[in-house]
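In: Let's see this in three dimensions:
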Amino acid sequence: MKKLMLSLFVLGLTTQIYAQNPEAFPAVYIVHNYKYLSEVNSEEVAVPVEELHIKVSDFDVKELDIYTDEYDFYEVNFIIPEGKILASYDKDSNLLRTIERYKNINLPASVLKSISKRFPNWAISKNAYVVNYHSSGNLKKLYKLTLENGDKRIKVKVNEFGDFQ
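Out: Predicted structure coming up:
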């Protein structure tokens, strides 16, 4: 019995040693355009959208082949299968504005709840998520949805909170 207790004690200590592996923790990730990330990302944003937002916020125009100090603005396209972003940067890689469009992504619970409450027998057949960001503080997020009920179709617009536009 003593050997069993001693071996369990030693086993418990060895698992704690492996739990403290410093290589398992990722390094601190510094984002250049944190204001953009904090404004466009919400808790319920789809994963591909969030990943593309991180790429846009961390992009450095100085890494472009066409970069020169002569130009004041750079327009850069970011494309994934779910959508695309057209981003405008200044020569110091500060994000000025974006126009974003995503198709058929996972919708937030607030949007789904709002649709099911107002249109109980309708199904969402298509959706598009549109984001317009400007560094001055203008931000517009909109879900454009196509609803179907049998052979009937309607199009509705809903913001991120589930309010109809």
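
In: Now the residue lying closest to residue 129 once chain neighbours are set aside. Its backbone dihedrals?
Out: Nearest residue to residue 129, sequence neighbours excluded (C-beta to C-beta, 6 or more residues apart in numbering): residue 102, at 4.3 Å. (C-beta placed from N, C-alpha, C; glycine too.) Dihedral angles of residue 102 (phi, psi; degrees, to the nearest 10) stand at phi -130, psi 140.

In: Tell me if I'm right that residue 102 and residue 50 touch.
Out: No - between residue 102 and residue 50 there is no contact under C-beta atoms under 8 Å: 11.0 Å.

In: if you count what's nearby, which of these two comes out ahead?
Out: Neighbour count, other C-beta atoms under 10 Å: between residue 102 and residue 50, residue 102 has more, with 22 against 13.

In: what are the bridge partners for the more buried one, then?
Out: Beta-bridge partners for residue 102, by DSSP bridges, are residue 83, residue 129.

In: Now for it: which residues touch it?
Out: 46, 48, 49, 82, 83, 128, 129, 130 (C-beta atoms under 8 Å, 6 or more residues apart in numbering).

In: and with 7 Å instead?
Out: When contacts are counted by C-beta atoms under 7 Å, 6 or more residues apart in numbering, residue 102 touches 49, 82, 83, 128, 129.

In: Neighbours of the closest residue to residue 76 other than its chain neighbours, how many?
Out: In this structure, residue 76 finds its nearest non-sequential neighbour in residue 87, 5.1 Å apart by C-beta to C-beta, 6+ apart. Look at residue 87: counted by other C-beta under 10 Å, it has 23 neighbours.

In: element containing residue 87, please.
Out: Per DSSP states H and E, residue 87 falls inside strand 83-90.

In: what helices or strands is that strand leaning on?
Out: Here strand 83-90 touches helix 47-57, strand 73-80, strand 95-103, going by 3 or more C-beta pairs under 7 Å, 6 or more residues apart in numbering; DSSP states H and E.

In: chain center to the last one, what's the gap?
Out: Mean C-alpha position of strand 95-103 versus that of the full chain (C-alpha atoms, centre = their mean, to the nearest Å) differs by 11 Å.

In: tell me the SS of residue 120?
Out: coil (DSSP: H, G, I helix; E, B strand; the rest coil).

In: no, scratch that, I was asking about residue 42
Out: Strictly by three-state DSSP, residue 42 counts as coil.

In: Check whether it really touches residue 141, as I assumed.
Out: No - with contact defined as C-beta atoms under 7 Å, residue 42 does not reach residue 141; the gap is 8.2 Å.
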